[in-house]
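[1] Turn this into a structure:
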Amino acid sequence: MALRKKIDEKFLDVDASMQGTLSFKDPVNLRINGRFDGNLDAKGVLTIGPTAMVTADIVGDTIIVEGKVRGKVTARESLQISSTAVLDGDIFPTRLIIADGGIFNGKCQMLGEILNSDELARYLEVEINSILEWANQGKIPAVKQGNDWKFERKAIDSWVASGKIGK
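    Sure, this is the predicted structure:
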């Protein structure tokens, strides 16, 4: 019989008005119930509660929207728009679920496992010239196909997590 070690999960429940930048290096279960303006970069599960009003560019692993969001949303694993949600902005999910009644206004570009230079620049929120320079110098995991560079999303995520971005 195998014993499983229970993993302590980190929870953060925000029920206030905030503005600025929230960035998490370690996975956390973050729930926003109030108002937030700024930038969010979350690992783990980010839930925008049904009473929340968020105006932000959001990057996260799993993002669940139950309230109102305005801004660009990038979901590395999945984006769920619930029946009570209103999302106005461009989204870049790996997987997308929109419940009946959920409202989405904007453009959607699904993130694949392999990204081209333009897609990677949007994904990392950097200039395409930086992507091309890193690829040409061998500073980023990349494969050249003809005249184009291709990037495996999981390798890029590991590269970013290792702190090598921009070095």
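
[2] Quick one: residues contacting residue 67.
    Going by Cβ atoms under 8 Å, 6 or more residues apart in numbering, residue 67 touches 32, 48, 49, 50, 51, 52, 53, 54, 84, 85, 86. Backbone N, C-alpha and C define where each C-beta goes, glycine included.

[3] Name the nearest residue to it, sequence neighbours excluded.
    residue 52 (3.6 Å; Cβ to Cβ, 6 or more residues apart in numbering).

[4] The one you found is in contact with residue 30, isn't it?
    No: if you go by Cβ atoms under 8 Å, residue 52 and residue 30 don't touch, sitting 11.2 Å apart.

[5] contacting residues for the residue lying closest to residue 155 once chain neighbours are set aside?
    Excluding the flanking residues, the one nearest residue 155 by Cβ to Cβ, 6+ apart is residue 141, at 4.1 Å. Residues near residue 141 by Cβ under 8 Å, 6+ apart: 151, 152, 155, 156, 158, 159.

[6] Roughly how far does the first one sit from residue 132?
    As judged by Cβ to Cβ, to the nearest Å, residue 151 and residue 132 stand 11 Å apart.

[7] Common neighbours of the two, please.
    Applying Cβ under 8 Å, 6+ apart, one finds that residue 151 and residue 132 are jointly contacted by residue 117.

[8] the more surrounded of those two?
    residue 151 (24 against 16; other Cβ atoms under 10 Å).

[9] Please, which helix or strand holds that one?
    Here residue 151, judged by DSSP states H and E, is contained in strand 148-152.

[10] chain center to the helix or strand following that strand: distance?
    Once the chain leaves strand 148-152, the next helix or strand it forms, by DSSP H and E, is helix 153-161. Helix 153-161 sits 13 Å away from the centroid of its parent chain (Cα atoms, centre = their mean, to the nearest Å).

[11] what pLDDT, on average, does helix 153-161 get?
    Averaged across helix 153-161, the pLDDT comes to 87.

[12] Give me the buried positions along that helix.
    153, 156, 159 (16 or more other Cβ atoms under 10 Å).

[13] Stretch 107-122 now?
    In stretch 107-122, counting by 16+ other Cβ under 10 Å, buried: 111, 115, 117, 119, 120, 121, 122.
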